[in-house]
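Enquirer: the following comprises the amino acid sequence and a computationally predicted model.
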Amino acid sequence: MSDLFQDYSEAAGRTGAYDEMFTPGQQARESYGQLAGALRELSLADVTARADSMARTFLDRGVTFDFAGEERPFPLDIVPRVIPAHEWTVLEKGVAQRVRALEAFLNDVYDKMTVVSDGVIPRQLVTTSAHFHRQVHGFEPAGGVRVHVSGIDVVRDAAGTFRVLEDNVRVPSGVSYVLENRRAMAKGLPEAFGQQLIRPVEEYPRRLLSALRKTAPSGVDDPTVVVLTPGVFNSAYFEHTLLAGLMGVELVEGRDLICRGNRVYMRTTAGEQRVDVIYKRIDDEFLDPLQFRADSMLGCPGLVNAARAGGVTIANAVGNGVADDKLVYSYVPELIRYYLGEEPVIANVDTFRLEEKEAREHVLDRLDELVVKPVDGSGGKGLVIGPDASREELEALRKRVIADPRGWIAQPVLQLSTVPTLSGDKFGPRHVDLRPFAVNDGDDVWVLPGGLTRVALKEGSLIVNSSQGGGSKDTWVLADSPQVPVETLPREAITVRERVSVWPVESNWRDRQAEQQQ
Amino acid sequence: MLSRIAESLFWIGRYVERADGTARILDVHLERLNHLPMEEQRSVAQELLAVMGARPQSEDFGLPELLNALAYDKGSATSIAGSLGAARENARRARETVSSGLWESLNTTYYGLNQHRKDVVGTYRFCNWVLERTAMVSGLADTTVSHDESWLFLVLGRSLERADMTARMLSTRDVLSAGMSWVNMLRCAGAYESFLRTRRAAFGDQHAAEFLLLDRLFPRSIVYALRDADECLAKLDPSAQRVGFINDARRIVGQARTFLEFHRTDDLMSELPEHMERVQKAVSQASDAISRKYFNQADELAWVGEVS
C-alpha cells in the first residue's frame, strides 16, 4: 500500500467497527482487490487532482443539494464502496422481502386492519402515528401498488452483519446521486473499473417509468406520467429534475395541475392534458389542501378524491408514512412473519419501545449509552447520540421522552462499518450506511444493484446525513459471473456485410462528368 | 468571392465539426472501453478506429494508441488535434475574410491543444474542452460573420460533416454491442434528453437509430443536417430551373436525404450499416462535387494545358 494508507489500520482499529475494505491485518478483502491495486498506483497529487475534478464536474452539472438556502455540491468521495455478489444477493432478497411486507401492511391498515385484530400490532400504535391518514382509509389505490419506490436504509454492525436501520416508503430521495456518482467515477477513477463486472445502475429511470406506467389507472392505454415537485427551493430539486429528464416526462408543480371530475389535468400550451400517474415528491401534508393542510400552496386541491375515485395513480400512495414510523419499524420482523410467512432475511437493529414501562425505565437509566430517535423524524433530525451528548442535552431529552414516550425509540449505539475515505492528504476510515432503492411494479420488486452509500466525513462521526456534513460514495455491486450478457455477445465484424441492398444503384457522378468532358 | 477563400471556409466548417464529433464519440466510448478486459479492449479500439475511418499504424494497437490516433496526433486529419490544427491553418489563409472573433477562437484553441494530460482521465477533460471550444467557434461564426456566401460555405461544410459524424456515431453501435448501446449513441450526439422527451416510453435501439437518422427537428440528425446542406447549396446557386438540377452536389445530397426520409423503417436495424455507408459516401461525393464546382480551378487549367 502506498503512503496514502499509512496509519490506516491503526485508525481503523480505534473505531472498533467493521472495515469494508481491509481485514484487521491491512489485507484488502477480495472484492476490493482491483480497487486497491488501482489506488496503489496513484500518488497523492493524482488523487487530489481527480477528487477536485470530480467536485468541479458535480458543481458544473448542478449535482447539488440545498442547504440553508445555498446550493452545495454533494461531496463524492473517490474511493467507492464495493459489495461482492454473494452479499448483494442476500441484501437484494432482504430488501424485496421488506418491501412486500410493508406493502401488505399498508394495504391492511387502510382496510380491515386484520393485523390489529390478530394481535400482531396494537391498534393504538397505528392510530396514534402522525402519518396514519384517515383521509385515504378504505380504498385501494388505482394500480394496486402503494410502495412504488422505497429506500431501505441498512448498516453493518461491528460483526459485519447487515441490519435494517429504517424504512423509507414515503419519498425516499438520493437515487439521483447514485446515477451521477457512477458517471463521475467512471471518469474519475477509470483504472478501477477494468477486468471486473460492476452491475450498471443506469436502467433505474426506465425501470421506474415502466413501473409507474404499469400501475396506471385501468383503461388507460398510453398513460401520462408526471413528477410532482414542491419547486425549485426544495432540497432535492436536483433529483426531481434529473428523474423527470431521464424518464422523459414533465416535471410539474402543484399550480400546473388541476382536478376536475375526479380526474387530474395539467395545463399545457395545447390545452389541458390528462395526467394518469403522479410520481409525488412532496409530503402528504402538502399534497391536497382540501384534505390536509389548507394553507398549502404546493399541492393541488382534489388530488386525494381523484385517487379515491381511481382517476389517478399517486406514487407513492398517500398515507405510507405510517410504515415509516420507527415504532412500526420495530414490529416489521413480526409483520414479515405475519404477512409473508417467512423469516426476515435482514434483521432489525435492537430497538426499545419507550411506551413499554420496563423498557422505558431501562432506557432512562442508560440514556448516555444509547441513541434516541423521534419516531417520525427523517434526515437525522432530533436524534440524540447518548455518548456524544452533554448533560443538559440528556436532561432535556429525558423530559421530552417522559412527556411523550410514544414519540421516541432508543437503540444501542452501532459502530457503523467503515470505508477508506479521502480526508486531507491521506485515507482514513469513515462510517457509512447504505440505502438500496427498490421499485415495485405490482408483480415484482426490483432492487437497484447499488444504492446510495452515505459517509460521515468527520472522523468518528456516526451521522451520515448530507445536511449534517455527510458525503457519498459510489456503490459497486459486483456480478459474480459474467452472466450479465454485456461483453460476451458475439460481435459481428464491421467490415463484412452480406445483406440485400435497399438503396438505389449508385449513380457515379464523377465518372459521368468525366465522360461528358471527353 | 475567391474560390480559394470559399474552400478554406468550407473546410473550417468541416474540420471544426469533425473535431466536435470525434470528441463526442471518444468521450462516450472511452467509458465503455475502460470496462472491457484487456484483449477485448484492443480489438474494440481497432474497430472504433476503423469506424472513424483510419487504420492502425502497427499491430500493437491498444487504448493509449487509440487516444493518440483520435485525440492528440497532430499529423492525422482523423484526430481532434489534427482537425483543429487544419481548421486553424485554413483560417490563417483566409484571415482577411473571417472575422477576428472566429480567427482568434480557432487560434486560441490551437494553442490550447497541448495543455492537457494525455492519459484516460486527462482525455475526458480534453474532450469536454474541445466541445466547449467548438461550440464557441460555431457560435462566433454564426454571430460575427455576415450570413453571405462565405458563411454559407462554412455552414455547408459543417452540415455535411455533421451528417457524416452522426453516421459514424450510429456505426459505433456495431463496435460496442455491449448492453445499452443506444444510450451511448444518443449520448454521443447529445440527444439523450431530447430523445427521451419525444419518445416517451419507447426505448431501444430501433427508436434511437430512427431518431438520429430521421428526426426532422433534432439538429444533429442526419436528415436535418442534410437538409441544412441542401438549403445552403440552394442559396449558393439560386438559379431557378423549371426542371431538374444541374448541380451535382445538390442532386447527391437531395437524393440521400429524400431516400432516407421516405424509406420505410420496418427493417431499420438490419439496414442501418448500409444506410451509414451510403450516407458517408454521399457526403464525400457531395464534397467532391462542391470542390469541382466551386473550388477546383486548377484541374481545368491542367486540362487546358494538356490540349494546347
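Expert: Sure, I can see it.

Enquirer: in contact with residue 34, which residues?
Expert: The chain I'm using is chain A. For A:Gln34, the contact set (Cβ atoms under 8 Å, 6 or more residues apart in numbering or on different chains) comprises A:192, A:194-196. Quick note: C-beta positions are derived from backbone N, CA and C, even for glycine.

Enquirer: other chain: chain B
Expert: A:186, A:190, A:193-194, B:63, B:120.

Enquirer: those residues in helices, which ones?
Expert: Cross-referencing those against helices under DSSP state H gives A:186, B:63, B:120.

Enquirer: B:Lys118 contacts B:Leu67, doesn't it?
Expert: Yes. B:Lys118 is within contact range of B:Leu67, at 6.5 Å (criterion: Cβ atoms under 8 Å).

Enquirer: A:Gln411 in helix, strand or coil?
Expert: strand (DSSP: H, G, I helix; E, B strand; the rest coil).

Enquirer: can I see the domain layout of the chain?
Expert: By default, I'm working from chain A. Listed by automatic domain parsing, the domain ranges of chain A are A:3-349+A:414-486, A:350-413.

Enquirer: that answer is for a different chain, and I need it for chain B
Expert: Taken from automatic domain parsing, chain B resolves into B:1-144, B:146-298.

Enquirer: can you give me the end-to-end distance of the shortest one?
Expert: Put plainly, it is domain B:1-144. Using Cα to Cα, to the nearest Å, one end of domain B:1-144 lies 18 Å from the other.

Enquirer: how much space separates A:Ala158 from chain B?
Expert: 35 Å (Cβ to the nearest Cβ, to the nearest Å).

Enquirer: that residue belongs to a strand?
Expert: No. A:Ala158 is assigned coil when assessed by three-state DSSP, not a strand.

Enquirer: contacts only, for it.
Expert: A:16-18, A:414-415.

Enquirer: ok, those residues vs chain B, which is closest?
Expert: A:Tyr18 (29.0 Å; Cβ to the nearest Cβ).

Enquirer: surely the closest one is in contact with A:Phe162?
Expert: No. The pair A:Tyr18 / A:Phe162 is not scored as a contact, 10.4 Å apart, by Cβ under 8 Å.

Enquirer: mutual contacts of these two, please.
Expert: Common neighbours of A:Tyr18 and A:Phe162 (Cβ under 8 Å, 6+ apart) are A:Arg156.

Enquirer: name the nearest residue to A:Arg263, ignoring sequence neighbours.
Expert: Nearest-residue entry for A:Arg263: A:Gly311, 4.5 Å, with adjacent residues in sequence omitted and distances by Cβ to Cβ, 6 or more residues apart in numbering or on different chains.

Enquirer: one step back: of all the contacts of B:Asn34, which two lie farthest apart?
Expert: Between any two of those, the greatest separation by Cβ to Cβ is 14.6 Å, found for A:Ala186 and B:Leu63.

Enquirer: mind listing the helices for the stretch 201-350 of chain A?
Expert: A:204-214, A:237-247, A:303-308, A:321-324, A:326-329, A:332-340 (DSSP state H, counting those that start in this stretch).

Enquirer: same check on the stretch 1-150 of chain A?
Expert: For the stretch 1-150 of chain A, the helices defined by DSSP H, counting those that start in this stretch cover A:8-15, A:33-40, A:44-61, A:85-109, A:114-117, A:123-127.

Enquirer: could you do chain B as well?
Expert: Using DSSP H, the helices found in chain B span residues B:3-34, B:38-51, B:63-67, B:80-93, B:100-112, B:120-144, B:149-175, B:181-188, B:192-199, B:205-214, B:222-236, B:248-262, B:268-290, B:297-307.

Enquirer: is the third one up against chain A anywhere?
Expert: Right, helix B:63-67. No. Contact between helix B:63-67 and chain A is absent, the nearest approach being 9.7 Å (criterion: Cβ under 8 Å from any Cβ of the partner chain).

Enquirer: got any ranges where the stretch 201-308 of chain B has weak pLDDT?
Expert: Across the stretch 201-308 of chain B, the ranges flagged by pLDDT under 70 are B:201-202, B:297-308.

Enquirer: which residues sit in contact with B:Glu149?
Expert: By Cβ under 8 Å, 6+ apart, the neighbours of B:Glu149 are B:1, B:6, B:236.

Enquirer: distance-wise, check the first one relative to B:Ala94.
Expert: In this case it means B:Met1. 10 Å (Cβ to Cβ, to the nearest Å).

Enquirer: now do the second one
Expert: Applying Cβ to Cβ, the value for B:Ala6 to B:Ala94 is 9 Å.

Enquirer: on that earlier part again, I'd like the helices of the stretch 201-350 of chain A as TSV, with distance to A:Pro75, mean neighbour count and mean pLDDT appended.
Expert: Listed next are the helices of the stretch 201-350 of chain A as TSV, based on distance: least, Cβ to Cβ, whole Å; neighbours: other Cβ atoms under 10 Å in any protein chain shown; pLDDT from 0 to 100:
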stretch	distance to A:Pro75	mean neighbour count	mean pLDDT
helix A:204-214	22	21	93
helix A:237-247	14	21	90
helix A:303-308	36	23	92
helix A:321-324	26	25	91
helix A:326-329	27	22	91
helix A:332-340	32	18	95
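
Enquirer: pLDDT at residue 95, what is it?
Expert: Since no chain was named, I'll use chain A. For A:Val95, the pLDDT comes out at 96.

Enquirer: meant chain B, my bad for not saying
Expert: What the model reports as pLDDT for B:Arg95 is 87.

Enquirer: and what of the one 4 residues further on?
Expert: Confidence at B:Ser99, expressed as pLDDT, is 89.

Enquirer: do the same with the one 5 residues further on
Expert: Looking at B:Glu104, its pLDDT stands at 93.

Enquirer: quick one: it from B:Ser83, how far?
Expert: Taking Cβ to Cβ, one finds B:Glu104 at 18 Å from B:Ser83.

Enquirer: circling back to that earlier point, highest neighbour count among the ones in helices among the contacts of B:Asn34?
Expert: Greatest neighbour count in the ones in helices among the contacts of B:Asn34, by other Cβ atoms under 10 Å in any protein chain shown, goes to B:Leu63: 21 neighbours.

Enquirer: residues in contact with the residue of the stretch 51-200 of chain B found nearest chain A?
Expert: With Cβ to the nearest Cβ, the shortest gap between the stretch 51-200 of chain B and chain A falls at B:Leu196, namely 3.0 Å. Counting by Cβ under 8 Å, 6+ apart, B:Leu196 touches A:245-248.

Enquirer: in the stretch 201-350 of chain A, what residue comes closest to chain B?
Expert: Closest point on the stretch 201-350 of chain A to chain B, by Cβ to the nearest Cβ, is A:Gly248, at 3.0 Å.

Enquirer: wait, that residue sits on B:Tyr192?
Expert: No. Between A:Gly248 and B:Tyr192 no contact is recorded; they are 9.5 Å apart, counting by Cβ under 8 Å.

Enquirer: who has more neighbours out of B:Lys118 and B:Leu67?
Expert: Legend: neighbour count by other Cβ under 10 Å for B:Lys118 and B:Leu67, higher for B:Leu67 (22 against 13).

Enquirer: mind listing what the closest residue in space to the more buried one that isn't next to it in sequence touches?
Expert: For B:Leu67, ignoring the flanking residues on the chain, the nearest one in space by Cβ to Cβ, 6+ apart is B:Thr123 at 5.5 Å. Residues near B:Thr123 by Cβ under 8 Å, 6+ apart: B:26, B:30, B:67, B:71, B:116.
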